[in-house]
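K.L.:
Predicted structure and sequence below. I'll ask about it afterward.
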Amino acid sequence: MAYEERAPRRFGDRPSDPRRDFEREVRKLKKDFQKNVLPAVKRHSFYVSKSEMRRIKERKAARRRRRQMRKVG
């Protein structure tokens with residue numbers, strides 16, 4: 001490969017490290033598991049009636065609104 005064909009290296013660019021790539025993929029899988037799989041498992045671990053689920057959602061929404069109001073000021 002001739003020098004002209006290579007892309008210029010920027011500051012901070014480094015050759016790909018398979019170990020680092022693997023760790024990055026593991027972190028992505030972990031995050032995906034926590035976001036998508038774990039809540040579904042928890043949701044189905046015991047029965048929650050529809051009315052109780054509605055009350056839980058209302059409380060979470062109220063908490064979220066209060067938190068946003070604190071951020072806004």
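P.N.:
Received it, and whenever you're ready, just let me know what you need. Numbering: from 1, shown residues only.
K.L.:
rest of the way, CA atoms for contacts and neighbours
P.N.:
Will do.
K.L.:
Low-confidence ranges, the chain, go.
P.N.:
Scanning the chain for pLDDT under 70 picks out 1-15.
K.L.:
Show me the residue sitting in the middle of it in space.
P.N.:
Taking C-alpha atoms, centre = their mean, the centroid of the chain lies closest to residue 31, which sits 4.6 Å from it.
K.L.:
What separation do you get for residue 37 and residue 29?
P.N.:
Look at residue 37 and residue 29: by C-alpha to C-alpha, to the nearest Å, they are 11 Å apart.
K.L.:
count of neighbours near residue 73?
P.N.:
Residue 73 has 6 neighbours, counted by other C-alpha atoms under 10 Å.
K.L.:
could you dump the host helix or strand of residue 65 to PDB, C-alpha only?
P.N.:
Using DSSP states H and E, residue 65 sits in helix 50-72. C-alpha atoms of helix 50-72 as PDB (Å, rounded to 0.1, in the frame of the first residue of the first chain):
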ATOM      1  CA  LYS A  50     -54.300  -3.600  35.300                       C
ATOM      2  CA  SER A  51     -55.400  -1.000  37.900                       C
ATOM      3  CA  GLU A  52     -52.200  -1.500  39.900                       C
ATOM      4  CA  MET A  53     -50.200  -1.100  36.700                       C
ATOM      5  CA  ARG A  54     -52.100   2.100  36.000                       C
ATOM      6  CA  ARG A  55     -51.400   3.500  39.500                       C
ATOM      7  CA  ILE A  56     -47.700   2.600  39.100                       C
ATOM      8  CA  LYS A  57     -47.500   4.400  35.700                       C
ATOM      9  CA  GLU A  58     -49.200   7.500  37.200                       C
ATOM     10  CA  ARG A  59     -46.800   7.700  40.100                       C
ATOM     11  CA  LYS A  60     -43.800   7.300  37.700                       C
ATOM     12  CA  ALA A  61     -45.200  10.000  35.400                       C
ATOM     13  CA  ALA A  62     -45.700  12.400  38.400                       C
ATOM     14  CA  ARG A  63     -42.100  11.700  39.500                       C
ATOM     15  CA  ARG A  64     -40.800  12.400  36.000                       C
ATOM     16  CA  ARG A  65     -42.700  15.600  35.800                       C
ATOM     17  CA  ARG A  66     -41.400  16.800  39.200                       C
ATOM     18  CA  ARG A  67     -37.900  15.900  38.200                       C
ATOM     19  CA  GLN A  68     -38.200  17.900  35.000                       C
ATOM     20  CA  MET A  69     -39.700  20.900  36.800                       C
ATOM     21  CA  ARG A  70     -36.600  20.900  39.100                       C
ATOM     22  CA  LYS A  71     -34.300  20.900  36.100                       C
ATOM     23  CA  VAL A  72     -36.200  23.700  34.400                       C
END
